[in-house]
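> need coordinates for the below:
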Amino acid sequence: MIDEVDLAILKILQEDTRTSYREIAKMVGVSVGTVHNRIKKMVANNVITDFIPIVNPKLLNMDFTAVIMVKAPKPPEELAKEYRKFKQVIQAYSITGIYDLVLVGRFRGREDLNNFINNLINSGLASETTTSIVLSVIKEDFRLPLPEKT
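Down below sits the predicted model:
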């Protein structure tokens, strides 16, 4: 189970994963060994699933973002493995409503997006799509709003 010490560690890591165990220990008021063991345990229990940098997509010419609503020819769970293969897709959700999936993707431009959608349809992973292009990012934050206490 997650306790207040784990929550405190998670909050610090969500702000900056580069924070040293020594700094975290000082901020939380526990030993460095405790921080190490707690993080190791949270990774083993899939509380923490990855440590990754958040890359500025504009600097890599990948700032063309699209939200693609998909009607799938089969239940999305049967096709999930195939959808995960697409590197352009940064988020994919099975949803309720008239569409089966919503995909959020990063592309190099309109042509890259068009090729992606054509590939989805031609490969049998989508029977219909509706696409919205993101005009501006108002908020994009992958940190969870952690509770104050467990």
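> isn't Tyr93 right next to Val102, touching?
Yes. Tyr93 sits in contact with Val102 when judged by Cβ atoms under 8 Å, with a separation of 5.1 Å. In this view, the C-beta of every residue, glycine as well, is placed from N, C-alpha and C.
> tell me the buried residues in the lowest-mean-pLDDT helix or strand in the chain?
When the helices and strands of the chain are scored by mean pLDDT, DSSP states H and E, helix 76-84 comes last with a mean of 89. Of the residues in helix 76-84, 76, 79, 83 count as buried by neighbour count, 16 or more other Cβ atoms under 10 Å.
> chain center to stretch 94-106, what's the gap?
If you compare the mean C-alpha spot of stretch 94-106 with that of the full chain, they lie 15 Å apart, counting by Cα atoms, centre = their mean, to the nearest Å.
> distance across that stretch, terminal residue to terminal residue?
In terms of Cα to Cα, to the nearest Å, the two terminal residues of stretch 94-106 are separated by 19 Å.
> just stretch 23-36 next, same as before
The first residue of stretch 23-36 is 12 Å away from its last residue (Cα to Cα).
> so which residues of this structure form helices?
Secondary structure of the chain, counting by DSSP state H: helices at 4-15, 21-28, 32-44, 76-84, 110-122.
> any idea what the residue sitting nearest the centre point of the chain is bridged to?
For the chain, Gln91 is the residue whose C-alpha lies nearest the centre (Cα atoms, centre = their mean; 5.7 Å). With beta bridges defined as DSSP bridges, Gln91 has these partners: Val104.
> quick one: pLDDT of it?
The pLDDT attached to Gln91 in the predicted structure is 95.
> with Leu13 instead?
Reported pLDDT at Leu13 in the predicted model: 96.
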